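# after the sequence you'll find the predicted model.
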Amino acid sequence: MSEKLCRLVTLGCKVNQYETQLVLEALEKNGFREARDGETADLCVVNTCTVTSNADSRSRQVIRQLAKQNPGTRTLVMGCYATRDSDAVARLPSVFEVVTDKRELPDILGRHGIVDIPTGISRFEGRRRAYVKVQDGCILRCTYCIIPQVRPGLRSRSPEDIEAEVRRLIANGYREIIITGVHVGHYGVDTTRGRLGVPPFRLPHLLKKLDKIPGNWRMRLSSIETAEIDEEFIKVAADCEHLCPQFHPALQSGSNTVLQRMRRRYSVESFLGKLDRMRETIDRPAFATDVIVGFPGETDAEFEETLETCRRAEFMKIHIFPFSPRTGTPAATYPDQVHGTICQERITRLEQLEREMAERYYRLLVGRNLEVMVEGLSTREGWVCGTDRSYVPVELPGTRDDIGRMCRGHGVRATRQFLEADREGSKNVIA
């Protein structure tokens, strides 16, 4: 029997990347291998994204390219764009199956002879860190977001399956595990809410459980809403040995009036208060965030409020997104859409502020001992680059042999791009 070849492409978030890896391992268990350059795949899998109109366009482009580059292939399309506009996806070349609900994926694969589906992943192809998806779905109704429509409801994985997966990944050499999901802070809400006699098992309980796994590894949380940052979460975050002190609460806007139009669940004051409380309990936590620029009706004054809120929050990293209207969301019909030129000017100003705040945070680590996961070679001869526990980019002396290892360093100089470190002592590789 001839060998079966597959090719997989992922667009979008960490959750999509995890789900593609799960499909890849399922295909491999059923006799497939990934096609190499120049080989024609029998089966292509595209995991799509619909968070912006550009994501929709990119998804269609990838499907067409795969059909052209792999004559006679069959393409299975999954992901959020496939769910939102399945008819349009089905009309694209070589598409033979559109997965509109990922819960049906095992049945769909089974119809095509792929019956041995793993409960979790054992590696993360092409990456030094591994993502572990702990939940799916969102029940919020932010006015700009299409995700609750394409990933409705809440579905949490069992703590036992998650722990087994994390242990497996650590045993296979991964030193950093990223806990991810569509709405991570709602982990466990669907499985323990309102069930008599069932004690709650939510995100803090999961983090404590995983923290008991021994070894030289670290755990990072992909994101969390400030509504879920309560005293229990803060205490657990401070006490967990393996949890990195870097957190990603999504701000979206630093203006209370814009937050109200977005239908977010917090005020600027409560958001900043949660960050202050974490700084009181955790040593030098690093905060990243998301900000949407040019939300409908955003005035110059409201944008100035966002700049000021970001300054007060002292973010180390800001993921900046221009507003993208999504058909089917309330914000797509709001009046006073912000002109693209104004939007770009605001993005430029926010990027400038982000660089200033990043360098300010990097300076906090000068003179401090660092634990750096080396991820690649620097452009400088004899240097390598990676990230420390705070997710700060670090460059330090090293060789190709250090890639994939945890190395000890000592911060010596901060720039706007990275923190420079030297190697500390003779035992500078963490086993």
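Nice, I can see it. The structure displayed is predicted, hence computed values, not measured ones. Residues are numbered from 1 along each chain as shown.

# so, low pLDDT: which residues of the stretch 101-250 of the chain?
194-197 (pLDDT under 70).

# domain-wise, how is this protein divided?
4-111, 130-364, 369-430 (automatic domain parsing).

# with distance to G120 and mean neighbour count added, can I get these in JSON lines?
Placement of C-beta: from N, CA and C, glycine included. JSON lines is the format used below for the domains of the chain (distance: least, Cβ to Cβ, whole Å; neighbours: other Cβ atoms under 10 Å):
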{"stretch": "domain 4-111", "distance to G120": "7", "mean neighbour count": "18"}
{"stretch": "domain 130-364", "distance to G120": "4", "mean neighbour count": "18"}
{"stretch": "domain 369-430", "distance to G120": "21", "mean neighbour count": "18"}
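
# nearest to I121, out of those?
Counting by Cβ to Cβ, I121 lies closest to domain 4-111 out of these; the figure is 5.0 Å.

# distance across the closest one, terminal residue to terminal residue?
Domain 4-111 has an end-to-end distance of 17 Å (Cα to Cα, to the nearest Å).

# could you identify the longest helix within the chain?
helix 340-364 (DSSP state H).

# sheet-wise, list the partners of the next helix or strand after that one with their directions.
Note on helix 340-364: by DSSP states H and E, the next helix or strand toward the C-terminus is strand 369-377. With DSSP bridges as the test, strand 369-377 is paired with strand 383-387 (antiparallel), strand 406-414 (antiparallel).

# make JSON lines out of these and add distance to G181 and mean pLDDT.
Formatted as JSON lines, these follow (distance: least, Cβ to Cβ, whole Å; pLDDT from 0 to 100):
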{"stretch": "strand 383-387", "distance to G181": "21", "mean pLDDT": "97"}
{"stretch": "strand 406-414", "distance to G181": "25", "mean pLDDT": "95"}
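
# reformat those as JSON lines; add distance to S86.
Output for the strands paired with strand 369-377, formatted as JSON lines (distance: least, Cβ to Cβ, whole Å):
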{"stretch": "strand 383-387", "distance to S86": "38"}
{"stretch": "strand 406-414", "distance to S86": "44"}
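
# so for L221, which of these sits nearest?
Nearest of these to L221, taken as Cβ to Cβ: strand 383-387 at 14.6 Å.

# let me see the contact set for the nearest residue to T306 once chain neighbours are set aside.
Once flanking residues are discounted, T306 sits nearest to G254: 3.5 Å by Cβ to Cβ, 6 or more residues apart in numbering. G254 is in contact with V268, V291, E305, T306, L307, E308, T309, C310, A313, counting by Cβ atoms under 8 Å, 6 or more residues apart in numbering.

# so where's the stretch 251-400 of the chain shaky on pLDDT?
The model of the stretch 251-400 of the chain has no residue with pLDDT under 70.

# after the helix or strand where V291 lies comes which helix or strand?
Element membership for V291 (DSSP H and E) is strand 286-293. Using DSSP H and E, the helix or strand that follows strand 286-293 in sequence is helix 300-313.

# how far off helix 340-364 does the very next helix or strand once past that following helix point, in degrees?
The helix or strand immediately downstream of helix 300-313 is strand 317-322, counting by DSSP H and E. Inter-element angle recorded for strand 317-322 and helix 340-364: 180 degrees (by axes from the mean of the first three to the mean of the last three Cα atoms, to 10 degrees).

# what is the orientation angle of strand 317-322 with helix 300-313?
Computed by the same axes, to 10 degrees, the angle separating strand 317-322 from helix 300-313 equals 160 degrees.

# direction included, what does strand 317-322 pair against?
Sheet pairing of strand 317-322 (DSSP bridges) gives strand 286-293 (parallel).

# other residues contacting the partner strand?
Outside strand 286-293, the residues that touch it by Cβ under 8 Å, 6+ apart are 144, 245-254, 262, 275, 303, 306, 310, 313-323, 343, 346-347, 350, 361, 390-392.

# got the CA coordinates for that strand in CSV?
What follows is strand 286-293, C-alpha atoms only, in CSV (Å, rounded to 0.1, in the frame of the first residue of the first chain):
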residue,chain,number,x,y,z
ALA,A,286,5.1,41.5,33.6
PHE,A,287,1.8,42.4,31.9
ALA,A,288,0.9,42.2,28.2
THR,A,289,-2.4,43.1,26.7
ASP,A,290,-4.5,43.6,23.6
VAL,A,291,-5.8,47.0,22.4
ILE,A,292,-8.3,47.7,19.6
VAL,A,293,-7.6,51.0,17.9
